[in-house]
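J.: Next come a sequence and a model predicted from it.
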Amino acid sequence: MNRAEPRSRLAALPGGALTRHTLFWPVTVLVALLLANVIFTPSFLSIHIRQGHLYGSLIDILLFGAPLILVALGMTMVIATGGVDLSVGATVAISGALACYLISEGHGLFVSITVAVVASMLLGLWNGLLVTRLGIQPIIATLILMVAGRGIAQLITSGQIITINSASYKMIGGDYWLGMPFAIIIVVVALAVTVVLTRRTALGLLVESVGGNAEASRLVGIRASGLIILAYVFCGLCAGVAGLMISSNTLSADGNHAGLWIELDAILAVVLGGTALTGGRFSLAGTVVGALIIQTLDTTIYTAGIPPRTTLVFEAVVVTIVCLLQSPAFRAKISRRRRRPSTPPLTDAKQEVTA
Amino acid sequence: SDKDSGGSGSGSSKIVLGFSQVGAESGWRTANTKSIQASAGTAGIELKFSDAQQKQENQIAAIRSFIKQKVDVIGFSPVVVTGWDAVLKEAKAAKIPVVLTDRAVDSDPSLYVTFIGSDFVEEGKKAGQWLVDEYKDAKEPVNIIQLEGTVGSAPAIDRKKGFEEVIGSNPNLKVVASQSGDFTRAKGKEVMQALLKANKDVDVLFAHNDDMGLGAMQAIEEAGLTPGKDIKIVTIDAVKDGMTALSEGKFNYIVECSPLLGDQLMATVKKVKAGETVEKRIVTVETVFDQAKAKEALPTRQY
Amino acid sequence: MTVPVLEMEGISKGFPGVQALEDVAFRLFPGEIHALMGENGAGKSTLIKVLTGVYEADAGLVAIDDVGTLIRGPLHAQRLGISTVYQEVNLCPNLSVAENIFIGREPRRLGRIDWAQVRTRSAELLARLDLDLDVTAQLGSYSLAVQQLVAIVRAIDLDAKVLILDEPTSSLDRGEVAQLFTVMRRLRADGVAILFVSHFLEQIYEVCDRVTVLRNGRLVGEYPLAELSRFELVSKMTGQELAALEEIDEAAPRVERGEKLFALEGVGRTGAIDPVDLDLHRGEVVGLAGLLGSGRSELARLIFGADTADSGRITAEGEAVALRNPRAAIERGVAFCPEDRKGDGLVMDLTVEENIILALQAARGWTRPLSQRKREELVEQYIRALRIHPPHPQALVKNLSGGNQQKVLLARWLITQPKLLILDEPTRGIDIGAKTEIQKLVVSLAGDGMAVLFISAELEEVLRISHKIEVLRDRQLVAELDNDGSLTPERILQTIANGAAEK
Amino acid sequence: MPVLVTLGLFLLAFLIGAIRYPNFGTGQVFLDLFIDNAFLIVVAIGMTFVILTGGIDLSVGSVVALSGMLCAVGTMKLHLPALVVLPIVLVIGTVFGAGMGYMIQAFQIQPFIATLAGMFLARGVCLTISEEQISIDNGFFDAVALNSLPLPGGTHLSYGAVIALIVFAVATYVLQWTRTGRNIYAVGGSEQSAMLMGLPAGRTKIQVYAISGFCSALGGILFSLYTLSGDSTHAVGMELDAIAAVVIGGTVLTGGSGYLLGTLLGVLVLGVIKTILSFEGTLSSWWTRIAIGVLLFGFIALQRLIGTRRRTRSA
Ligand SMILES: Nc1ncnc2c1ncn2[C@@H]1O[C@H](COP(=O)(O)OP(=O)(O)OP(=O)(O)O)[C@@H](O)[C@H]1O
Ligand SMILES: Nc1ncnc2c1ncn2[C@@H]1O[C@H](COP(=O)(O)OP(=O)(O)OP(=O)(O)O)[C@@H](O)[C@H]1O
Ligand SMILES: [Mg+2]
Ligand SMILES: [Mg+2]
């Protein structure tokens, strides 16, 4: 039962077995999904060089998963502060639309990208200000931009798909550098920078403290609003870069569809990775694994030929399985059931003695 | 009492058309909206435009508000086929004629005046027919990948239905994989990339709209194949980017689905207002393009 | 005595990394008040939680009225006649006081809750403890002590045959404690069995009949209190022949009062505390005395900037300062250890180490993290000095026992080496051994030139270490008493009662 | 307090609409807010129960669609009488909600994720049943959907809206006057405390999801009455509308505080925004979205500013 026993970070305690590690089950599911694909596509795990760059399903998963990983990284920081950002999808759309619009108007690549990224950060700043200065609940504060942002993106594209032709822009999200997809390099760098910033400085600790107990954090003199704004700006930045990737992948900006529902996927990735939506403790590695699970799941659906109408059922089942495996309560229940015959419950014994 | 005040008081002689659009979910839809707005302007009709963000309930509410505003004619592109009886009856009770555009409804035809628009099943059939003709001599199986539109949406369901019905006549035409690409380029590319790895000899791609086709085309190129040759591409819509691809030989065939209904709509509205009878079904002028026709048509393409 | 109303046998409970209970037995008879004693982390609260079904024991038996019973949870325990006040206040701050008392068993009329009756009856119940509160106000708007009393009121009205009180008196002052004891004695006379946990020996000796002592999760023994001296009890708890009690009796050494550090002139906040004049000097420990709700915590919060003052001015080292928020105060060298460790103090999901360094790190800013070595060094030092148990820096704070959590909170502020240290009930829930350590530490810090503002519900403690005592009543500073050795708790109480300004 | 602010802002918005647009300030336009949002009112009420415990239910939109679909399939494909179909649909919705509640309670799965899985599942099942729309042509449905309750002044209220108001009244009663209702607030205040106080915290949590499931199913029925059809694409994103309505109504997402009256006003605020935009009638699609965002922002910002001003004054 252990009802009041809080879910602890078992990994941090001595004696935590491998299966107790927070990342054990998500990684297991990821591996299982990858292996399942081999059944449908025997060459699934193979990676070879084609046209001078890496080629293979795994590369595709990383490439197409790159924007999601990025957005989920930003989302992790926001969630750690106890917030959530629903507007990332809109930011993705705005950033891609801005960049493509500027490029199509003949502006330079650098200028266009800079403008798009700065705009995304400003959107993040807006969210952060609504949350901290006006004290609006994050979900609703970012809902405003989620609704309006897509309108802004369409305004930029005039509701059309802007198609551009720029080989160097394509590099960001759809091309290869030294044989590696450049998007993956961006993600790795972003991840490394985030990890260093949060774990090598005190940023991570302070954010976890604010997310864990805002009042206590105020009373130790942590400038919570600054940190929270920073988290939203960072999230905006990640979404902005992801928007560049998505639009660069197809060399087009689709104000209406780019990043549609990516906020849900990102939140899902964060949670599958073991970060609680209530804020506090966060795990960047977990988020990456979570995002990869989602992307692999999508790929599995395509390649396994699951009919589109049942796709959602399949996704629901997988998500539920991951969550259940991650739940200590569930595992306890399973193992207790298995053990039951050998150890009779205590009560029966005592009742025999006394009754 | 003030039955004739018609909308905002900008002159009661002007016809007021309340139009409820589905949303702005695609470039096609935007072209549709623009066409309607432009035509209303030239025809001297006052347009009350309301965007439903792809939600039926919003559209019903908008139509209700048009009734309250006592517009002269109500026009709308239904988000879905069913479920309009109640509000259409209200309109009828308020003696406001209703004109449907783009998509049909399954209500009692007495509840609306006419329906102007294309037929999605027919579009699917046209695409299928081209395939059947193209491969009528094929001896071995032709492997087809189908990229469907958003799951559950009317165009996706109908185009799939029409297409599969026609190709069913030739047992060699085999759909080896059919996945949803959500009508978008990004998703079209992503899905195609995965499907190309899972399915070896793919001969044909049928995409429910140009955008998915364009995305898939990139995936084909990145897999080292030549679109239009190694894999033939058939799509529906004929937006400018699609026509460009077709004229460059990367697409093979496009079935047009025209969004330019504005003039027809305004003409009909005027007739209805004038009390003339109009046909129950006005079919839009639509054609099909192969590579040669695309080259001709491209320079004058508006959307 | 007859049959025990409650009996536990062979109880073991382990948490990952800690064996909290090991083969513990416990008996409770009708009509007795039974003390459960042990140092912080000995396993008292865990035993209680096992008893009420919050935790499932790894092994052991529980019998109620001699019938083996598997208690499935607090609700079940309540149905079996066990009513419990858990160690931390466990009520709902968002509900009204009245509702907190009655929720789950509200009087109903025609199937719907009879709110009028809820209000009147809860006011009556509170009156039994001499409390006069606005019962419709949110519980969260009251101080921790009041919340503790409300929890007690709820528990004693449950009509139970077993009443469990886990450190109910930790923030109560004398009067409240006396009230509580009256009620407890009355219940005992009615045949209720009461389990009472407290770290105050006087309280234990005042009301309890027998005592069970735990040490390190193991049972030491069960004794009639009349046959056990305080020395024996302490040595059973600590396992050492340490004469801890003697040390406690040692008075605070007089130190030279240093220069003036902070001066408050007419600092107040409407509805919280009337304007106060107060000087704080280096090397001086100032105690705040007053009854519950007298405004001690409010005053402390104003000085720290946790709440903003709406009148008066503060001068720090001669210059006027505005302490509008905690950060501003911290920059001026003020540290504040709040009384509500759960709500205002600790970040429960973080580790001991992280909680300890939090204030220091916040002051340094995020760009200048403490080095790993420095962290370990500091944390090690304070874990040892305050005897935090278990001594793992990486244990999660929420898994620590109440007293050990308090020590972590204290450690957090001690390592910042502030100029002015404000301690609001720092020894709440801390065992006698550690309490002496803390008191000695405070005195020695003052000796090194720190100014200390010390709040405690325990007047003896305030007296023992303060040089000067400020007496508050009804949110007013009514007197300033010099602790010249002649001061006694009784005189302070008198001052509080008279309220005459004795400046 | 926040409820009063919301009420004031709603009335202000309605007044501005009435001044700005002819034919706006009529009783029927006001009643249309209830008619056009009846399902959302019911769904948001269920959502309020969940949010009061500190949870969230993302599955509501999908369950609305599924229930509508089940109504359509039941009456049109299986030819069952409506009075058989409706209870079954309500039971399915309730059981579905309870199932998610059980996962959340027993296995401590975060509500967001458990209900997200529920959202996928319900929508997926809906699609699996039928991708195509099914229109409902059933005597009972027609009778309820196409008639309405005449009110004085030539106005009328649909039966769907009447049902929504009844649900509102019952739910308010439950929250305010029953133990279940109070337990919900307690769990939202502190789940741990509620459990230690001997309240059935676990059961309460399962209950709120069951209630939300029931409300979604009922909302689905109202939706199918509103549109006389079942469709797998119905009510996409309705969960966000419901959450927005609840939060605009002053309920705190962390649980423990809020009122149903606020939720009702929240729905009306969203409704009045839409009505204003369709009376405006000149906005392009994207400006419509931007305008919704701006109006939403205006409401919430004003609410916060007025709300905090009051609080600081009273403190
Ligand atoms: N949920 C938990 N997870 C891990 N360890 C725990 C948990 N709860 C208690 N412990 C450990 O069990 C031991 C006993 O704790 P308990 O709270 O029973 O002590 P206590 O005697 O009540 O102390 P105090 O006087 O400080 O309240 C402690 O070492 C504590 O760290
Ligand atoms: N009759 C009362 N008894 C106790 N507290 C009350 C009473 N009425 C109000 N209170 C509340 O108690 C708080 C008293 O403030 P404060 O926390 O400063 O008291 P304190 O002197 O620190 O006493 P303690 O912390 O022991 O309760 C105020 O916030 C007030 O709302
Ligand atoms: Mg304890
Ligand atoms: Mg206090």
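T.: Thanks, I have the structure now. Ligands and ions are numbered 1, 2, ... in the order given.
J.: tell me which parts of the stretch 51-200 of chain A are close to chain B?
T.: A:51, A:56-57, A:60, A:64, A:154, A:158-161, A:163, A:174 (Cβ under 8 Å from any Cβ of the partner chain). The C-beta positions use only the backbone N, C-alpha and C, and glycine is treated the same way.
J.: Quick one: mean pLDDT over the helix or strand hosting residue D:29.
T.: Using DSSP states H and E, the element containing residue D:29 is helix D:27-52. Averaged over helix D:27-52, pLDDT sits at 95.
J.: hmm, the helix or strand following that helix touching chain B?
T.: Moving toward the C-terminus from helix D:27-52, the next helix or strand (DSSP H and E) is helix D:60-72. No. Using Cβ under 8 Å from any Cβ, helix D:60-72 never reaches chain B; the gap is at least 8.5 Å.
J.: now for the helix or strand just after helix D:60-72, which elements pack on it?
T.: Next along the chain after helix D:60-72, taking DSSP H and E as the criterion, comes helix D:82-106. With contacts taken as 3 or more Cβ pairs under 8 Å, 6 or more residues apart in numbering or on different chains; DSSP states H and E, helix D:82-106 sits against helix A:311-326, helix A:328-339, helix D:60-72, helix D:111-129, helix D:139-146, helix D:201-227.
J.: Swap in 7 Å and give it another go.
T.: On a contact count with 3 or more Cβ pairs under 7 Å, 6 or more residues apart in numbering or on different chains; DSSP states H and E, helix D:82-106 meets helix D:60-72, helix D:111-129, helix D:139-146, helix D:201-227.
J.: Those: which one's closest to residue A:128?
T.: helix D:111-129 (21.5 Å; Cβ to Cβ).
J.: Just confirm yes or no for the helix holding residue D:29 near chain C.
T.: No. Helix D:27-52 stays clear of chain C (Cβ under 7 Å from any Cβ of the partner chain), getting no nearer than 9.8 Å.
J.: possible to save the helices and strands packed on helix D:82-106 as JSON lines with distance to residue C:441, mean pLDDT and mean neighbour count?
T.: JSON lines is the format used below for those (distance: least, Cβ to Cβ, whole Å; pLDDT from 0 to 100; neighbours: other Cβ atoms under 10 Å in any protein chain shown):
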{"stretch": "helix D:60-72", "distance to residue C:441": "56", "mean pLDDT": "97", "mean neighbour count": "31"}
{"stretch": "helix D:111-129", "distance to residue C:441": "45", "mean pLDDT": "95", "mean neighbour count": "25"}
{"stretch": "helix D:139-146", "distance to residue C:441": "76", "mean pLDDT": "89", "mean neighbour count": "16"}
{"stretch": "helix D:201-227", "distance to residue C:441": "40", "mean pLDDT": "96", "mean neighbour count": "28"}
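J.: sorry, back to before: so which of the residues of the stretch 51-200 of chain A next to chain B sit within strands?
T.: Counted as lying in strands by DSSP state E, out of these, are A:161, A:163.
J.: which one of the residues of the stretch 51-200 of chain A next to chain B is nearest ligand 1?
T.: residue A:64 (41.9 Å; Cβ to the nearest ligand atom).
J.: confidence score at that closest one?
T.: Model confidence at residue A:64 (pLDDT) stands at 91.
J.: Can you classify the residue found closest to it once you drop the neighbours it is linked to in the chain as helix, strand or coil?
T.: Closest residue to residue A:64 apart from its sequence neighbours, by Cβ to Cβ, 6 or more residues apart in numbering or on different chains: residue B:190 at 5.1 Å. Following DSSP: H, G, I helix; E, B strand; the rest coil, residue B:190 is assigned to helix.
J.: pretty sure residue B:190 is in contact with residue A:63, am I right?
T.: No. Counting by Cβ atoms under 7 Å, residue B:190 sits too far from residue A:63 to count as a contact (9.2 Å).
J.: I'd like the distance between the residue in the stretch 1-150 of chain B that ligand 1 sits nearest to and residue D:283.
T.: Residue nearest to ligand 1 within the stretch 1-150 of chain B (Cβ to the nearest ligand atom): residue B:55, separated by 47.8 Å. According to Cβ to Cβ, to the nearest Å, residue B:55 stands 16 Å off from residue D:283.
J.: where's stretch B:237-253 relative to the chain centroid, distance-wise?
T.: Distance, stretch centre to chain centre, for stretch B:237-253: 17 Å (Cα atoms, centre = their mean, to the nearest Å).
J.: And that stretch, what's buried?
T.: Residues B:237-247, B:250-253 are the ones in stretch B:237-253 that count as buried (16 or more other Cβ atoms under 10 Å in any protein chain shown).
J.: Keep only those of these that are in strands.
T.: Going by DSSP E, the strands hold B:237, B:253 from the buried residues of stretch B:237-253.
J.: so of the buried residues of stretch B:237-253, which ones are in helices?
T.: Counted as lying in helices by DSSP state H, out of these, are B:240-247.
J.: ok, now which ones touch residue A:194?
T.: A:73, A:284 (Cβ atoms under 7 Å, 6 or more residues apart in numbering or on different chains).
J.: Now with 6 Å, please.
T.: Listed by Cβ atoms under 6 Å, 6 or more residues apart in numbering or on different chains, the contact set of residue A:194 reads residue A:73.
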